[in-house]
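**Q** with the input below, show me the fold.
(4 chains, ligands or ions: 4)
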Amino acid sequence: MATISFIDAIAAAMREEMQRDSSVFVMGEDVGLKGGVFTTTKGFQAEFGEWRAMDTPLAESAIAGVAIGAAMYGMRPIAEMQYADFMLPATNQIISEAAKIRYRSNNDWNCPIVVRAPFGGGIFGGLYHSQCPESIFFGTPGLKIVAPSTPYDAKGLLKAAIRDNDPVIYFEHKKCYRMVTGEVPDEDYIVPIGKADVKREGEDITVITYGLTVHFALQAAEELAKEGISAHILDLRTIQPLDEEAILEATRKTGKVLIIHEDNKTGGVGGEVAAIIAEKLLFELDAPIERLCGYDVPAMPISPSLEKFYMLNKDKVMEAMRKLALY
Amino acid sequence: MATISFIDAIAAAMREEMQRDSSVFVMGEDVGLKGGVFTTTKGFQAEFGEWRAMDTPLAESAIAGVAIGAAMYGMRPIAEMQYADFMLPATNQIISEAAKIRYRSNNDWNCPIVVRAPFGGGIFGGLYHSQCPESIFFGTPGLKIVAPSTPYDAKGLLKAAIRDNDPVIYFEHKKCYRMVTGEVPDEDYIVPIGKADVKREGEDITVITYGLTVHFALQAAEELAKEGISAHILDLRTIQPLDEEAILEATRKTGKVLIIHEDNKTGGVGGEVAAIIAEKLLFELDAPIERLCGYDVPAMPISPSLEKFYMLNKDKVMEAMRKLALY
Amino acid sequence: MVQQTSVNQETKHRQLGLSDEQAIEMYRYMLLARKFDERGLVLQRAGKINFHVSGIGQEAAQVGAAFALQKEHDFFLPYYRDYAFVLAVGMTTKELMLSIFAKAEDPNSAGRQMPGHFSHRKLNIVTGSSPVTTQVPHAVGFALAAKMQNKDFVAFATLGDGSSNQGDFHEGLNFAGVFKLPVIVMVENNQYAISTPYSRQVASETIAQRATSYGMPGVRVDGNDPLEVFRVVKEARERAINGDGATLVEAVMYRLSPHSTSDNDLAYRTKEEVDENWEKDGIPKYRNYLIEVGIWSEEQDAALHEEINKELKEATEYGDKAAYPKPEDTLTHVYGEE
Amino acid sequence: MVQQTSVNQETKHRQLGLSDEQAIEMYRYMLLARKFDERGLVLQRAGKINFHVSGIGQEAAQVGAAFALQKEHDFFLPYYRDYAFVLAVGMTTKELMLSIFAKAEDPNSAGRQMPGHFSHRKLNIVTGSSPVTTQVPHAVGFALAAKMQNKDFVAFATLGDGSSNQGDFHEGLNFAGVFKLPVIVMVENNQYAISTPYSRQVASETIAQRATSYGMPGVRVDGNDPLEVFRVVKEARERAINGDGATLVEAVMYRLSPHSTSDNDLAYRTKEEVDENWEKDGIPKYRNYLIEVGIWSEEQDAALHEEINKELKEATEYGDKAAYPKPEDTLTHVYGEE
Ligand SMILES: Cc1ncc(C[n+]2csc(CCOP(=O)(O)OP(=O)(O)O)c2C)c(N)n1
Ligand SMILES: Cc1ncc(C[n+]2csc(CCOP(=O)(O)OP(=O)(O)O)c2C)c(N)n1
Ligand SMILES: [Mg+2]
Ligand SMILES: [Mg+2]
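**A** Ligands and ions are numbered 1, 2, ... in the order given. As a prediction, the model looks like this:
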């Protein structure tokens, strides 16, 4: 067990998989010589050469599309989108192609790509370096989508994504990169895609969330415990396919559910989670299903006063949790 | 009052708006000389000339992007996507640009475009001529999204969309084009964006839906009435922004809600509608919130046996409605 | 006879390294595809199938290219008009009929996709979609894999003239150009994109000249001449295998049929224009060539028509009778089995 | 004096139709932008602002282009390095300081967007985003509006060399080419896209030659020479106004500073390479030109530096002291008021 940062866990997962399997490689803008704008792939070119840590032209549809072609041949490309905001030019390749290749060929072809996308705000990135675009891709069957919150999950889920035989979008929260550290086993392991994780056991309220906001919920739960409020916290980890069993079990645990995500509320993953509960466990609920999410604005602005207003934090989360507990 | 088809209502709305306002024009692949692959703009070039019924190159990102530029200048472009499936190359222009222009410029610029997108299946179109891609764009604040079900709404909503000062995605169901006819006033009118419509009053169950499935629900309600089941049917008409008031009112009416759409279930608009109800009216519900939607597969296949299995129809809808009524 | 043979020595196909048998085989595939398409149109009119998109007028280019490539070795990313191409690289008329009838046994998609959306892993035919031009970056990806794994195959993709205006054309070819990847992209310029003529669609005089944007050769060739297309694609393949990178080929022909069975082409072009172009049809021209060089005869031609009719009749019956997919199969293969 | 004047008659700027005053004004904007950027970098290091992206090394091209266009008449779609350009078409240093401090009064976005995301409706500066190259189709859309409404303005968009690989570059320019629209697209080729040098980024030898794909002239010009860029853009504008359509301009220079304040450029290029390129910096070259032709002096230059320092000091103080947006303003202007 070593304690490492979130970003180092991501780098370690890629490095180990590239050492293990010569068909794994990483491609994207500035991932080679520079080692990535967040230095996630620093040193990769020295270790794996120019081709396996490949600087691509500035063209996301080609990054995704070329990765898809290589994957259909049998390679295991990790396509890095420099910021999740810049995945959008690749939407057609991801949704029309990657997601449908197995289905449309009746299982004759498949497309084992990983699209890594640094997402989320709170870094003074402004409208186009802060977005949570998961709702654009969520709801496209054929894609798997993960969004880890801890170094352990980040490493295990990225390894699982690379080994997966279907396309996986891997959302990594930029704010977690260096802020979040945690223990990671020295030996090889994976975190299975499709399995949520109870990050804290509790009795009074259930919080269902993923990504950065998991940490706000855990911090808030810590403080609320002192007030005698016991929170049960489920980290979805995978947002597609959703771990319905875990969602229902966590709901049963307390009968009061708060769903939290940074992505704007309308059309977000939280709506689907609430709908599943309202369909399957309506009569076990002791309170309305609450959602605490980003505001329904096009994206978060950069000015400190505005970004602070937009972003969730421990206090906003604690307030929502307390309100639900007292319901 | 004249009785016309759904597609003629769309054509009439465009023609009248183009006659009324010289800044309105339609652009897209084959919309000019040929009059559109569905003949929606047949005769437009003769009436309005080559520029205002403009055949564009085969490049959706340019169709959207050029329309956006023209709209920022002050034109009122109607950008036709030949099939909604082929909007995806334009996703970046629609979500990163059109949706954010007003917000990012603090109201200095705006982008009054209409993106017309023929969507939906049941026409032996296969994976890429049948999709309901609304969930990709739903949840992007800054966009308005409409999906009419009747000629009256189709004409009134398209006129409202053309006159709107913000970008509007106009989803027109291909199966409705000639199958659905209805009365339309001779004089000018609009249907306000953001207002749902009760298409049938009822007491026992509430159905919330939009697009083609409105008709299946109405047909089913007709038959269920004979069984003594009275269905209240709300046609959302606008899916962004959702008419929350109307959704809650329709829910209160019966306490039993069935949400129906052709788009696949997970991540669809129905999840958001269910979540709103579960948050605002949980304790007025007499039954779990049910959803009847497309299967969670990448898109509907073309073989008759498969398409029939995928598509909703009157019988599937009736069964779900009856089940809920008997709950 | 001796004289005859000595004449053959100098025939164009021999000069290009094609045996008489291959030259005849090429003709057979061209004719087979033409007859297949004609059958498809008849079946649609008869209401046996819903829809057909034909490659009529493009067979010469498709077969010429296919013979310049290595079956079951190179990777193929054809587009929806490439019936002659996929036949020439190993797809059977029976398989294609299963596809247009959307039957369970169809190897392209088991009845999931529209006809013309070719896929056949054993034959290295890569699954394609409807959104045009997405296959160009895919082909570049196969070529990248060849380079990374030191394999000696090339990737070959086709698309239409209008489709060369999509961003993926630009992004894909630039990527191939920067890394000198073994890919050949052939634009089948049939001078229309549905109703839009080349002049209102593509701003460059030729599509071949777009290669200058990608640091690769761009070659324009008469798409009605299978031997010329063979020569050009063969040279492109050699360049690719020798590490000299990608080639953009523009094969120029004319879309003799309407865009699809849903299209009335006389709404946007004249019968005269269409008739003129029938004069340039590559199939009779090539048949005459084979006869002139003395390796083909009217008798053999009649026999071949017979044989093809028989084959298509059987394939049609097979496709017609074959079972539809089971409805519940709609739900399979969204993801791989764990 | 008489002699002096007669010399001026033949000066390059006069030949190009620029008065001495304009020639000096151009220098002033170049220097002002340079000093603004230097101030921005200092403010970032001092922790007064979070982030700065400079246009250092690109001022000559930007000002040359701006002077060839008509302020408040043509429409401008600049990219994030175009500080010199937006200053030259009317933005003030005070407005730009409000932007880099992300204050409520900022006319570009009221503190919503990153600095360098220019917008100013009164000045016909069209709001831009971060995803590169999306402004190219927008510019084509403005040009389309000009054509449809018979207006005599042109649309002018800039982007970087790497950004010319985006699909929107291809789709936008082809659209402009097909309809011969009055748009000028200027690529500021500073030879890097963050860490990726031109040779690993763009497969064509020059970006100008990509114009052949769009049936329009492509002109390559020394981006360190404001008068040459002025000449080229002026000619392009005349073509556009005369109905001869679009032009692609490639202004070649070098990105003298790191990509942004978050970038360490010595991780991917050598100090020697950077130093060599400082030798080619357009600002001192142009100053020397003005002195040589006798319309500028060291004294005037010193005074100008003084004046600019004073202006920037005031602008900085104003921007620093100005109020942040109200937090709740986060929620405004998602849609227009009904
Ligand atoms: C992205 C996308 N937009 C629109 C369509 C609809 N469509 C199908 S074929 C076609 C015309 C293609 O023309 P071209 O590329 O010249 O090929 P051709 O059909 O002439 O062989 C169009 C617009 C599509 N399939 N994909
Ligand atoms: C679509 C998109 N992808 C990635 C980025 C991140 N990014 C910002 S600037 C840049 C490099 C741009 O290079 P170039 O076009 O040469 O312009 P320069 O910065 O050199 O002036 C990149 C990759 C972006 N802004 N947009
Ligand atoms: Mg064509
Ligand atoms: Mg650059």
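
**Q** what number of residues lie near the residue in the stretch 151-300 of chain A positioned nearest to ligand 2?
**A** Closest residue of the stretch 151-300 of chain A to ligand 2, CB to the nearest ligand atom: A:K174 (13.5 Å). Bear in mind the C-beta positions are built from the backbone N, C-alpha and C, glycine included. For A:K174, the count of nearby residues is 22 (other CB atoms under 10 Å in any protein chain shown).

**Q** put the alpha carbons of the helix or strand where C:A84 lies into PDB.
**A** Using DSSP states H and E, C:A84 sits within helix C:83-88. Output in PDB follows, covering the C-alpha atoms of helix C:83-88 (Å, rounded to 0.1, in the frame of the first residue of the first chain):
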ATOM      1  CA  TYR C  83     -21.500  -3.800 -54.100                       C
ATOM      2  CA  ALA C  84     -19.000  -4.500 -56.800                       C
ATOM      3  CA  PHE C  85     -16.100  -3.900 -54.400                       C
ATOM      4  CA  VAL C  86     -17.300  -6.200 -51.700                       C
ATOM      5  CA  LEU C  87     -18.200  -8.900 -54.200                       C
ATOM      6  CA  ALA C  88     -14.700  -8.700 -55.600                       C
END
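
**Q** what are the pairing partners of the lengthiest strand in chain A, and which direction each?
**A** Longest strand in chain A by number of residues, with DSSP state E as the criterion: strand A:257-264. Sheet pairing of strand A:257-264 (DSSP bridges) gives strand A:205-209 (parallel), strand A:290-294 (parallel).

**Q** just name the most buried of those strands.
**A** strand A:205-209 (a mean of 29; mean count of other CB atoms under 10 Å in any protein chain shown).

**Q** can you list contacts of that strand?
**A** Contacts to strand A:205-209, defined as CB atoms under 8 Å, 6 or more residues apart in numbering or on different chains, come from residues A:217, A:221, A:229-236, A:247, A:250-251, A:253-261, A:270, A:273, A:317, A:321, A:324-325.

**Q** give me the sheet partners of the helix or strand that contains C:E250 and which way each runs.
**A** Assigned by DSSP H and E, C:E250 belongs to strand C:247-252. Its sheet considered, strand C:247-252 pairs with strand C:183-189 (parallel), strand C:218-222 (parallel) by DSSP bridges.

**Q** can I get the CA coordinates of whichever helix or strand comes after the shortest one in PDB?
**A** By that I understand strand C:218-222. The C-terminal neighbour of strand C:218-222 among helices and strands, as given by DSSP H and E, is helix C:226-241. Provided in PDB are the C-alpha atoms of helix C:226-241 (Å, rounded to 0.1, in the frame of the first residue of the first chain):
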ATOM      1  CA  PRO C 226     -11.100  -0.600 -64.400                       C
ATOM      2  CA  LEU C 227      -7.600  -1.100 -65.600                       C
ATOM      3  CA  GLU C 228      -6.600   2.500 -65.000                       C
ATOM      4  CA  VAL C 229      -8.100   2.400 -61.500                       C
ATOM      5  CA  PHE C 230      -6.300  -0.900 -60.900                       C
ATOM      6  CA  ARG C 231      -3.000   0.700 -62.000                       C
ATOM      7  CA  VAL C 232      -3.500   3.800 -59.800                       C
ATOM      8  CA  VAL C 233      -4.500   1.800 -56.700                       C
ATOM      9  CA  LYS C 234      -1.800  -0.700 -57.200                       C
ATOM     10  CA  GLU C 235       0.800   2.100 -57.300                       C
ATOM     11  CA  ALA C 236      -0.700   3.600 -54.200                       C
ATOM     12  CA  ARG C 237      -0.600   0.200 -52.400                       C
ATOM     13  CA  GLU C 238       3.100  -0.100 -53.300                       C
ATOM     14  CA  ARG C 239       3.800   3.300 -51.900                       C
ATOM     15  CA  ALA C 240       2.000   2.500 -48.700                       C
ATOM     16  CA  ILE C 241       3.800  -0.800 -48.300                       C
END
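
**Q** touching chain D at all, helix C:226-241?
**A** No: figure legend: helix C:226-241 not in contact with chain D (CB under 8 Å from any CB of the partner chain); closest approach 15.1 Å.

**Q** mean confidence for that helix?
**A** Mean per-residue pLDDT for helix C:226-241: 98.

**Q** quick check: angle from that helix to strand C:247-252?
**A** For helix C:226-241 against strand C:247-252, the angle by axes from the mean of the first three to the mean of the last three CA atoms, to 10 degrees is 170 degrees.

**Q** residues touching the closest residue to chain B within the stretch 201-338 of chain C, list them.
**A** Residue nearest to chain B within the stretch 201-338 of chain C: C:P327 (3.7 Å; CB to the nearest CB). Neighbour list for C:P327: B:305-306, B:308-309 [criterion: CB under 8 Å, 6+ apart].

**Q** I'd like those residues written out as a markdown table, with secondary structure and pLDDT added.
**A** A markdown table is the format used below for the contacts of C:P327 (DSSP: H, G, I helix; E, B strand; the rest coil; pLDDT from 0 to 100):
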| residue | secondary structure | pLDDT |
| --- | --- | --- |
| B:S305 | helix | 98 |
| B:L306 | helix | 98 |
| B:K308 | helix | 98 |
| B:F309 | helix | 98 |
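
**Q** show me where the chain has helices.
**A** Assuming you mean chain A. Under the criterion DSSP state H, chain A contains helices at A:6-20, A:44-52, A:60-73, A:91, A:101-104, A:134-137, A:151-163, A:176-179, A:213-226, A:244-254, A:269-280, A:304-310, A:314-325.

**Q** could you do chain C instead?
**A** Counting by DSSP H, the helices of chain C are C:2-9, C:12-15, C:20-45, C:59-68, C:83-88, C:93-100, C:135-148, C:167-178, C:198-201, C:226-241, C:271-278, C:282-292, C:298-321.
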